[in-house]
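>>> Fold the following for me, if possible:
(4 chains)
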There are 4 protein chains.
Amino acid sequence: MLNVTIWNEFVHEKIHDEVKAVYPEGIHKALADGLQSPEFHIRTATLDEQEHGLTDAVLNLTDVLLWWGHMAHDRVDDAVVSKVVKRVQEGMGLIVLHSGHFSKPFKALMGTSCDLKWREVGEQEILWSVNPSHPICSGVNSQIVLDHEEMYGEFFDIPTPDELIFVSNFEGGEVFRSGCTFKRGQGNIFYFRPGHETYPTYYNPEILKVISNGIHWAATNAYAAKPVFGNSQPLRSLEVLV
Amino acid sequence: MLNVTIWNEFVHEKIHDEVKAVYPEGIHKALADGLQSPEFHIRTATLDEQEHGLTDAVLNLTDVLLWWGHMAHDRVDDAVVSKVVKRVQEGMGLIVLHSGHFSKPFKALMGTSCDLKWREVGEQEILWSVNPSHPICSGVNSQIVLDHEEMYGEFFDIPTPDELIFVSNFEGGEVFRSGCTFKRGQGNIFYFRPGHETYPTYYNPEILKVISNGIHWAATNAYAAKPVFGNSQPLRSLEVLV
Amino acid sequence: MLNVTIWNEFVHEKIHDEVKAVYPEGIHKALADGLQSPEFHIRTATLDEQEHGLTDAVLNLTDVLLWWGHMAHDRVDDAVVSKVVKRVQEGMGLIVLHSGHFSKPFKALMGTSCDLKWREVGEQEILWSVNPSHPICSGVNSQIVLDHEEMYGEFFDIPTPDELIFVSNFEGGEVFRSGCTFKRGQGNIFYFRPGHETYPTYYNPEILKVISNGIHWAATNAYAAKPVFGNSQPLRSLEVLV
Amino acid sequence: MLNVTIWNEFVHEKIHDEVKAVYPEGIHKALADGLQSPEFHIRTATLDEQEHGLTDAVLNLTDVLLWWGHMAHDRVDDAVVSKVVKRVQEGMGLIVLHSGHFSKPFKALMGTSCDLKWREVGEQEILWSVNPSHPICSGVNSQIVLDHEEMYGEFFDIPTPDELIFVSNFEGGEVFRSGCTFKRGQGNIFYFRPGHETYPTYYNPEILKVISNGIHWAATNAYAAKPVFGNSQPLRSLEVLV
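Predicted coordinates:
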């Protein structure tokens, strides 16, 4: 049983009718429903809660954290960001969704601007697996067609991913590295692009399957043994000491 | 001054009128003309020449070898393939173009099937740089639009590239890792996708610029010092010997 | 339950008393005993058997193949090598041990010479994990001390590994990338250095733990869905066709 | 002609006699002297200067910045750190030396703790090239022996390097990934381990050669064209818009 915490800034859904129509109870609720499984114990957390719902207690028992944010990145408290980053480095899995590319935790873990091209006209996106035997692709079709999505285009300013899993084709002509994994410290990170707030992407069974696979993959090291650092004794006798 | 050898099977251009119309003297001649530079000494070689034009003398003084083949992969002699592979491992650069993905030297160096999806209807291809500060992208626009090309689609069965440089968007919906680098032994390898025989791709200045950059990049190690292998003396006294 | 096949050339153990003393029934038998687990169904195969014990029937039901060879690499039939390589590309896991670095299947999958430095004086080797949260390191100490081993030293002529897991320190002063993973097609490959035939390395519980972890890791894709290749229909209408 | 700025905290050399004896005018001065070349225009900068000597003017014309720091990491102003990080992301090369692994700019660019094991007894270090045809190894012997150095041991908590260049063997039994490259944004980063303040490492011609090669390698993108980000027009007509 994996402890999964879904964090959503939950702002668009309250103030934009177009978004509310798609996700009336919030993106986090749609994801929590769609990801339901006997293998997951899912909780949610949002910006307006105390400590954004990410108290030490919650973070310490979270195996995998999902992160969706967009218009309120700057309102996320730096102290919470530091704790999230530290927990990832200690082994908590992190799945960063869509506009979370510009979130504070993701940028801190990447060390780059995480900038990209974008266009919001609702064009078609097709995601292709370039690593079909990766556990994140298990049981997922080799292409996933989303009739309407926001476009994200290259150059996506991230470090070279440890593994490239999905690449998107957008109808308007762009491409994007839509599924990328990274390891930072002991923690597994999966960035997954789809999920603009005005489209029902998080009700798509293929997308939910990818995220579900991502959770299983990212959970592996949640409580990995901390590596030993610091001053160390030699394992052999040293001539130089003579 | 770099010694560049352009190898072309040179079969389509002799027997298919459609191809002859585009490359009347062969793809190798079009490339040799288009890549002309005071920095390159270019020669060409083709299947029908003695040893396919790739004698020891030619290979030993080649800094970078370009390879275009398609319908006659099987007619390339295994002894020549072995020599090409060995020279790459010793440091000769290799640029594999388009349908060369299925050539014997490329498959031997990759260790995979190098298979892919394809479609030949002349649709639009747009190549995007995902590594814009790489030397191969120097002076190249962030996207290259080819109005008509053959489609190659993922999954492309290659090992994880050392560096991913270009990704293509095809009008029909596919994506492809169109520019990939690999190192095998001391040799730099650049696979570059565009160049179907029925389209004037190798007259396109942007495509020629990428190939030219690729030659400079791949040439770096052409005559690198051979690493030392074999039985070695210890650099320290060994307690175990006592 | 994973089907594990341990292949050993089984020559040293028959003709060299020093080796027979350590592995009286062969390295394959010591490994089969040491790796026993309710999760593994283990069989062995050796050079002198019909088709080296690697018939189609055996290969087709093998999830993970272990390979130990040294003095008889050249006696392995090329037809068997081709089948092994093809099964790896289709998803069978492969664990290449010690002097298997020069085996035909490993060289064919790598596309490099796989050469290295070596010294056989029985010095101390210490393996360090450089990827401690990788599944192959699960439950393994951060360093493994082997009192006596053959030395392998860099430069090890392999492609850049997908993942570097262990690096060895040798008493005489060398280092070696002792644990490396690669993917070729759908198949996971793990190269693991220790295991010279004159030392009791394959009785060491830490070494057996690493190999056991490697089997679990490599087995993931043993029967992965074959990617779709070949001629493909467009997913969108094409203007170029008009 | 490359503009090289060598930054050194320059604290040990003022207060510790043992260090002053080795680097009487500071590590930065020893490096500036040792790296002298018609191809470099070298300046130095230290902690106690205004803005630590890293004004906008200096950073904007620096092609490659070298960084040595140890006991005063915390005294480096966050505003300067932000500027350094931004210039690297824009293309300035960065060479991080030895204890700079814990410097603020390096940690911000890596997104990890950058922690490690260490021991300060003056044991022997041998660096081995694991990427001998990389430009950073050009003209450098395959092993570099340093009679006395501080030990740094794995696990070194960094992201997977884009390229691994050197691995060290320490007499006491440890190994370390001593030469690693990373790209962040447009900027090339080279971490190079040796250089404890109490040893004359930066007078060693082999070490200076590696650093000099590193400067040439890292300089490539210093003023690369900025990628285009933000809202983009489609390159094709979109059916969805109809």
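
>>> Wait, residue A:198 touches residue A:22, no?
Yes: the criterion here is C-beta atoms under 8 Å, and residue A:198 meets it with residue A:22 at 6.3 Å. From N, CA and C alone the C-beta is placed, and that goes for glycine too.

>>> Count the neighbours of the closest residue to residue A:27 other than its chain neighbours for me.
Distances taken as C-beta to C-beta, 6 or more residues apart in numbering or on different chains put residue A:8 closest to residue A:27, at 4.9 Å, once the chain neighbours are dropped. By other C-beta atoms under 10 Å in any protein chain shown, the residues close to residue A:8 number 28.

>>> quick one: stretch A:220-238 to chain centroid distance?
29 Å (C-alpha atoms, centre = their mean, to the nearest Å).

>>> start to end distance for it?
39 Å (C-alpha to C-alpha, to the nearest Å).

>>> So is stretch A:72-92 next to chain D?
Yes: if you take C-beta under 8 Å from any C-beta of the partner chain as the test, stretch A:72-92 does meet chain D, through A:85, A:89.

>>> Buried ones in that stretch, by neighbour count?
For stretch A:72-92, burial by neighbour count (16 or more other C-beta atoms under 10 Å in any protein chain shown) applies to A:73, A:76, A:80-81, A:83-85, A:87-92.

>>> now stretch A:187-199
Applying 16+ other C-beta under 10 Å to stretch A:187-199 flags A:187-199 as buried.

>>> What of stretch A:231-242?
A:232, A:234-236, A:238.

>>> Restricted to strands, list the buried residues of stretch A:187-199.
A:187-192 (DSSP state E).

>>> filter those residues down to the ones near chain C?
Answer for these near chain C (C-beta under 8 Å from any C-beta): A:187-188.

>>> of all the ones in strands among the buried residues of stretch A:187-199, which two lie farthest apart?
A:187 and A:192 (15.9 Å; C-beta to C-beta).

>>> what's near enough to touch residue A:99?
Residues in contact with residue A:99 (C-beta atoms under 8 Å, 6 or more residues apart in numbering or on different chains) are A:68-70, A:195-196.

>>> One more: residue A:186?
Applying C-beta under 8 Å, 6+ apart, the residues contacting residue A:186 are A:89-91, A:221, A:224, A:226-227, C:132-133.

>>> Any idea how many residues pack against the nearest residue to residue A:5 once chain neighbours are set aside?
Spatial nearest neighbour of residue A:5, chain neighbours left out: residue A:62 (4.4 Å); criterion: C-beta to C-beta, 6+ apart. Residues lying near residue A:62 (other C-beta under 10 Å) number 25.

>>> Any idea how many residues pack against the nearest residue to residue A:58 once chain neighbours are set aside?
Spatially, and ignoring its direct neighbours in sequence, residue A:58 is nearest to residue A:5 (6.1 Å; C-beta to C-beta, 6+ apart). Neighbourhood size, residue A:5 [other C-beta under 10 Å]: 23.

>>> So which elements touch the strand or helix carrying residue A:5?
For residue A:5, the element it lies in under DSSP states H and E is strand A:2-8. Secondary-structure packing of strand A:2-8 (3 or more C-beta pairs under 8 Å, 6 or more residues apart in numbering or on different chains; DSSP states H and E): helix A:27-34, strand A:40-46, helix A:56-61, strand A:64-68, helix A:205-218.

>>> who touches the helix or strand following that strand?
Per DSSP H and E, strand A:2-8 leads on to helix A:12-15 as the next helix or strand towards the C-terminus. For helix A:12-15, contacts defined as C-beta under 8 Å, 6+ apart pick out A:19-20, A:23-27, A:70-71, A:197.

>>> Which ones among these map onto strands?
Per DSSP E, those never map to strands.

>>> what about burial for those, which qualify?
A:19, A:23, A:26-27, A:70, A:197.

>>> wait, which of the residues you listed is closest to chain B?
Nearest to chain B among the buried ones among the contacts of helix A:12-15 is residue A:70, at 23.7 Å by C-beta to the nearest C-beta.

>>> what's the spacing between the spatially closest residue to that closest one that is not a sequence neighbour and chain C?
Excluding its sequence neighbours, the residue lying closest to residue A:70 (C-beta to C-beta, 6+ apart) is residue A:99, at 3.9 Å. According to C-beta to the nearest C-beta, to the nearest Å, residue A:99 stands 26 Å off from chain C.

>>> ok, residue A:99 to residue A:72 distance?
Residue A:99 sits 10 Å away from residue A:72, going by C-beta to C-beta, to the nearest Å.

>>> same deal with residue A:80?
13 Å.

>>> Check the residue nearest to residue A:58 and give its pLDDT.
Residue A:5 is assigned 98 on the pLDDT scale.

>>> same deal with residue A:242?
Taking residue A:242 on its own, its pLDDT is 41.

>>> any weak-confidence spans in chain A?
Residues of chain A that meet the criterion pLDDT under 70 lie in A:240-242.

>>> Which one of the buried residues of stretch A:72-92 is nearest to chain D?
residue A:89 (5.9 Å).

>>> If we ignore the residues flanking it in sequence, what's nearest residue A:40?
Closest to residue A:40 by C-beta to C-beta, 6+ apart is residue A:4, at 4.9 Å.

>>> neighbours of that neighbour, just the number please.
The tally of other residues near residue A:4 (other C-beta under 10 Å) stands at 27.

>>> residue contacts, it?
When contacts are counted by C-beta under 8 Å, 6+ apart, residue A:4 touches A:35, A:40-43, A:62-66, A:215.

>>> Contact residues of chain A facing chain B?
So far as C-beta under 8 Å from any C-beta goes, chain A lies against chain B at A:124, A:126, A:128-130, A:132, A:142-143, A:145, A:153-156, A:160, A:163-164, A:167-170, A:173-175, A:177, A:236-237, A:239.
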